[in-house]
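predicted model and sequence follow; I will ask about them next.
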Amino acid sequence: MTVPDLPGLHLPISTTAVRVRWLALDAVAPEMWAELAALLDDAERVRAARFHFDRDRQAYIAAHALARTLLSAEAPRAPATWRFTEGVHGKPEVVREPGVPPLRFNLSHTHGLVAVAVTLAHDIGIDVEAIDPKRAGIEFAERVFAPAEVAVLHAAPREVLPETLFAIWTLKEACIKALGGGLSVPLDAFSVSLDPLAVHFSDALGEDPEHWRLWRMGPTPAHALALALRHPEPAAVRVDAIGVRAQDILTSAAHAASDAGQMGRR
């Protein structure tokens, strides 16, 4: 297999390695959107066409194109041929087929940025958010966050309140996505701490925090990114994370499709 991975590959994908890639949407040339959309399957293209606003449609296209291309870097198939199923609460998972490793992935998109995480075998969640001071009100947090998180926000200096709030928000969303519980998991049923970076669960969730690891990243000055992984040996896990360009996605996808065609002729 000769598929070149997207820039930044240093760790072979494994049960103790996570690959994270993000794409800033304002750097995507207008003529590339049709090429990125071609990496989706028919159902995704239909769904993308239903978005009313261009920015929402483009975020959806970019996130799914990036996810499919990252998966194709790990298995010899064209990006558009991946098939997914959804869990009870809507979390997408790869449909396992003969010869395909137990790939797990998660994606997220927000205004101006998309991100994808891929690993093997273990539950993973990723979330990105645009840091918007207008949405950084403590009143919202007091309604849905755990008391310990609200206390952190009250103690935060005014100038770093938006960054602090969105750090907590993305970490909580990443945990919920790794759990796969969607809206069935109350936001106040667990709490995250920023220093040290950790998660604490209520007894009702039955989760061992020792089997979880969290990461925070700043993909751009205007965005927060968080990653959550459930793993029996979280300290052994390493993350390979970097931003990519749209052209990187298209080049990698073309190589994946070519390799898949060569294998099909053997």
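Done, it's in.

count residues in the vicinity of Phe257, would you?
Not Phe; residue 257 is Ala. 19 (other C-beta atoms under 10 Å). In short, each C-beta sits where N, CA and C put it, glycine included.

right, and it touches Pro76 too?
No - using C-beta atoms under 8 Å, Ala257 makes no contact with Pro76, being 9.7 Å away.

helix, strand, or coil at His89?
With DSSP: H, G, I helix; E, B strand; the rest coil as the basis, His89 sits in coil.

count of residues packed around it?
14.

now the helices for this structure?
33-37, 42-49, 54-72, 138-144, 147-155, 161-179, 246-264 (DSSP state H).

quick one: which of the ones you listed is nearest Ser191?
Ser191 lies closest to helix 147-155 among those, at 4.7 Å (C-beta to C-beta).

export that closest one as PDB, just CAs?
What follows is helix 147-155, C-alpha atoms only, in PDB (Å, rounded to 0.1, in the frame of the first residue of the first chain):
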ATOM      1  CA  PRO A 147     -20.700  22.700  40.400                       C
ATOM      2  CA  ALA A 148     -16.900  22.200  40.400                       C
ATOM      3  CA  GLU A 149     -16.700  23.500  36.800                       C
ATOM      4  CA  VAL A 150     -18.900  26.500  37.600                       C
ATOM      5  CA  ALA A 151     -16.500  27.400  40.500                       C
ATOM      6  CA  VAL A 152     -13.600  27.400  38.100                       C
ATOM      7  CA  LEU A 153     -15.400  29.800  35.800                       C
ATOM      8  CA  HIS A 154     -16.200  32.100  38.700                       C
ATOM      9  CA  ALA A 155     -12.600  32.200  39.700                       C
END
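
buried stuff in it?
Under the neighbour-count criterion of 16 or more other C-beta atoms under 10 Å, helix 147-155 has 149-150, 152-153 buried.

likewise stretch 89-101?
Here stretch 89-101 shows 91, 94 as buried, counting by 16+ other C-beta under 10 Å.

same check on stretch 26-36?
Neighbour-count burial for stretch 26-36 [16+ other C-beta under 10 Å]: 28, 32-33, 35-36.

can you check stretch 239-253 too?
So, applying 16+ other C-beta under 10 Å, buried residues of stretch 239-253: 239-246, 248-250, 252-253.

stretch 41-53 now?
41, 44, 48.

tabulate the buried residues of helix 147-155 (TSV), appending pLDDT.
TSV is the format used below for those (pLDDT from 0 to 100):
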residue	pLDDT
Glu149	96
Val150	95
Val152	96
Leu153	96
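
and Asp195, how many neighbours?
Asp195: 6 neighbours (other C-beta under 10 Å).

make that Phe84, sorry
Per other C-beta under 10 Å, the neighbour tally for Phe84 reads 17.

so what's it closest to, chain neighbours aside?
Pro92 (4.6 Å; C-beta to C-beta, 6 or more residues apart in numbering).

any idea how far the one you found is from Gly182?
Per C-beta to C-beta, to the nearest Å, Pro92 is found 12 Å from Gly182.

just Ala224 next, same as before
21 Å.

you'd agree Thr164 is up against His154?
No - judged on C-beta under 8 Å, Thr164 makes no contact with His154 at a distance of 10.3 Å.

check contacts around the nearest residue to Met32 once chain neighbours are set aside.
Among residues not flanking Met32 along the chain, Ala246 sits closest, at 4.7 Å (C-beta to C-beta, 6+ apart). Applying C-beta atoms under 8 Å, 6 or more residues apart in numbering to Ala246 gives the contacts 23, 27-29, 32, 36, 62.

gap between the two ends of stretch 94-102?
8 Å (C-alpha to C-alpha, to the nearest Å).

pLDDT (mean, whole number) over it?
Stretch 94-102 carries an average pLDDT of 89.

same question for stretch 204-217.
96.

sort out which residues of that stretch are buried, please.
Neighbour-count burial for stretch 204-217, counted by 16+ other C-beta under 10 Å, picks out 207, 212-215, 217.

which one of those residues is nearest Lys172?
Leu214 (10.0 Å).

quick check: closest non-adjacent residue to that closest one.
Nearest to Leu214 is Leu197, by C-beta to C-beta, 6+ apart, at 5.0 Å.

need the contact list for the one you found.
Leu197 touches 171, 214-216, counting by C-beta under 8 Å, 6+ apart.
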